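Colleague: Provided below are the primary sequence and the corresponding predicted coordinates.
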Amino acid sequence: MRKIVLCILVAYFARAYEYNKLLLRTQSSLYPKLMLMDQKLSSHIKDKRIDFYILVTAIDRLYAKYFKKQLDRLYATGIGGYRFCSKIVNFSTFLADKRSEADAIYLLRAKEDILKQVAQKIANRRDIYSFTYEKKDLLYGFLCNVAIEKEVVIYINKKVLLRGDFEFLPQLYQISRFIEP
């Protein structure tokens with residue numbers, strides 16, 4: 001009986017850390033396009049190449065590779081006249097890097113203290129696009145999230161939007177929902 005309960009608990013916890021592949025595909029197709037809706041994008045991208053970092057912990061590396069594969073397939077020829085380069089980076093490496101070249105970051109799941117450290121680091125740069133896997137992570141100080149509810153919903157952190165150097169097209173504001181932490 002104990003073995004059965006143990007197997008059920010192990011299976012339950014293993015599935016609890018699983019990602020939704022439909023959501024990953026949706027986010028990978030939309031996040032770069034949302035960047036193009038910023039009218040100040042050209043002032044943020046200096047080298048005509050969008051460096052898109054996927055921040056990950058070791059346990060989620062497989063999902064990060066899946067997300068990267070989607071990005072590389074969709075944007076192999078670039079986007080909006082920019083070359084597109086995606087890169088998987090550990091949270092610790094990103095936090096230790098004093099001169100990160102990231103133009104945009106995408107955060108998979110991480111502990112709260114790590115998310116707060118990343119948010120603090122990017123708060124010093126007003127021009128970095130920050131996207132999250134989970135909507136709740138916007139509360140730590142990230143810009144945008146795409147969620148699948150009854151429909152696809154774009155969430156924007158109003159505080160980060162106002163603090164940052166972003167000027168998105170009015171159409172994006174009309175279809176988005178704002179959160180205020």
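Modeller: That came through fine. Residues are numbered from 1 along each chain as shown.
Colleague: Show me the helices in the chain, by range?
Modeller: Secondary structure of the chain (DSSP state H): helices at 2-16, 21-36, 41-44, 61-74, 91-96, 112-123, 158-163, 170-175.
Colleague: Save the ones you listed as CSV, and put in distance to K150 and mean neighbour count too.
Modeller: (Glycine included, C-beta is placed from N, CA and C.) Listed next are the helices of the chain as CSV, based on distance: least, Cβ to Cβ, whole Å; neighbours: other Cβ atoms under 10 Å:
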stretch, distance to K150, mean neighbour count
helix 2-16, 23, 9
helix 21-36, 14, 17
helix 41-44, 31, 16
helix 61-74, 23, 16
helix 91-96, 32, 15
helix 112-123, 27, 16
helix 158-163, 23, 15
helix 170-175, 15, 10
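Colleague: Tell me where the model's unsure across the protein.
Modeller: The chain contains residues with pLDDT under 70 at 1-17.
Colleague: ok, now with 50
Modeller: 5-16 (pLDDT under 50).
Colleague: before we move on, the earlier item: relative to Y133, which of the helices of the chain is closest?
Modeller: Of all those, helix 21-36 sits nearest to Y133, with 7.0 Å by Cβ to Cβ.
Colleague: Not counting residues beside it along the chain, what's closest to K65?
Modeller: I88 (6.8 Å; Cβ to Cβ, 6 or more residues apart in numbering).
Colleague: I'd say the one you found and Y66 touch.
Modeller: No. Contact criterion Cβ atoms under 8 Å: I88 and Y66 do not qualify, at 10.6 Å.
Colleague: E167: what's it in contact with?
Modeller: Neighbouring residues of E167 by Cβ atoms under 8 Å, 6 or more residues apart in numbering: D38, Q39, K40.
Colleague: what's across from the first one in the sheet?
Modeller: According to DSSP bridges, F168 are recorded as the beta-bridge partners of D38.
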